[in-house]
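Visitor: Task: produce atomic coordinates for the following.
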Amino acid sequence: MRIAVYPGSFDPVTNGHVDIIRRASTIFDEVIVTIAYNQNKKPLFTVDERVELLKAITADIPNVKVMSYSGLLVNLVEELNAKFIVRGLRAISDFELEFQLALMNKKLNHSIETVFLITKCEYSYVSSSLVKEVASLGGCIDDLVPELVKFKLQEKFKKLNEGGI
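Guide: Got it, this is the predicted structure:
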């Protein structure tokens, strides 16, 4: 069985992420989307909120699972009996860091392969950070995120603006 792990912060999940998940699900028998606890980032959504969003958004893809994790990615990949890490690339600027991460993961476990999927052109400029900024200022994010994410972003920023979070 060909199992792949697609790690990320997904804060929030974008249409670009969903595209990578859908495409990976046609290549691998199982795709496990993993949301990392990252103490160096200050997320808008909690890990549990991101897990629930991704579960809802990918519910129609039978070979996709969603979970959270903390620690070293290669250790999780080993625990899940996966052999592949999926990473999306938007631009050349993404490649340098992703290349370094892939080489480090290969050093830590030579049997794990990193598979890069190039984003579709319409998502090449979309990042979670940019989506949050546009949404926080009331801009249109209709084509950038799934409808559920758009709703949750609007809800979250409304509470923030009212001082409720």
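Visitor: all contacts plus neighbour counts: C-alpha atoms, from now on.
Guide: Will do.
Visitor: Three-state assignment for the nearest residue in space to Pro7 that is not next to it in sequence, please.
Guide: Spatial nearest neighbour of Pro7, chain neighbours left out: Thr34 (4.6 Å); criterion: C-alpha to C-alpha, 6 or more residues apart in numbering. Here Thr34 is recorded as strand under DSSP: H, G, I helix; E, B strand; the rest coil.
Visitor: Roughly how far does Thr34 sit from Arg50?
Guide: Separation of Thr34 from Arg50 (C-alpha to C-alpha, to the nearest Å) stands at 10 Å.
Visitor: Ok, Glu122 next?
Guide: 23 Å.
Visitor: follow-up on the earlier one: wait, the residue nearest to Pro7 touches Tyr69, no?
Guide: Yes - the pair Thr34 and Tyr69 qualifies as a contact (C-alpha atoms under 8 Å) at a distance of 6.6 Å.
Visitor: for the protein, what's the longest helix?
Guide: Secondary structure assigned by DSSP state H gives helix 92-108 as the longest helix of the chain.
Visitor: what about that helix, average pLDDT?
Guide: If you average the pLDDT over helix 92-108, you get 91.
Visitor: now it, how far from the chain's geometric center?
Guide: 16 Å (C-alpha atoms, centre = their mean, to the nearest Å).
Visitor: got it, and stretch 55-65?
Guide: Relative to the chain's own centre, stretch 55-65 is displaced by 13 Å; criterion: C-alpha atoms, centre = their mean.
Visitor: ok, and what's touching that stretch?
Guide: Outside stretch 55-65, the residues that touch it by C-alpha atoms under 8 Å, 6 or more residues apart in numbering are Val18, Ile21, Arg22, Ser25, Asp29, Glu30, Val31, Ile32, Val33, Val66, Pro146, Leu148.
Visitor: Kindly report the same for stretch 24-42.
Guide: So stretch 24-42 is contacted by 1-10, 21, 47, 50-51, 61, 63-70, 86 (C-alpha under 8 Å, 6+ apart).
Visitor: So among these, which ones count as buried?
Guide: Buried members of the contacts of stretch 24-42, counted by 16 or more other C-alpha atoms under 10 Å: 3-10, 21, 47, 50-51, 63-68, 86.
Visitor: got any residues that touch both of Thr34 and Tyr69?
Guide: Contacts common to Thr34 and Tyr69, judged by C-alpha under 8 Å, 6+ apart, are absent.
Visitor: re the thing from before, which other helices and strands does the longest helix of the chain contact?
Guide: Here helix 92-108 touches strand 113-118, going by 3 or more C-alpha pairs under 8 Å, 6 or more residues apart in numbering; DSSP states H and E.
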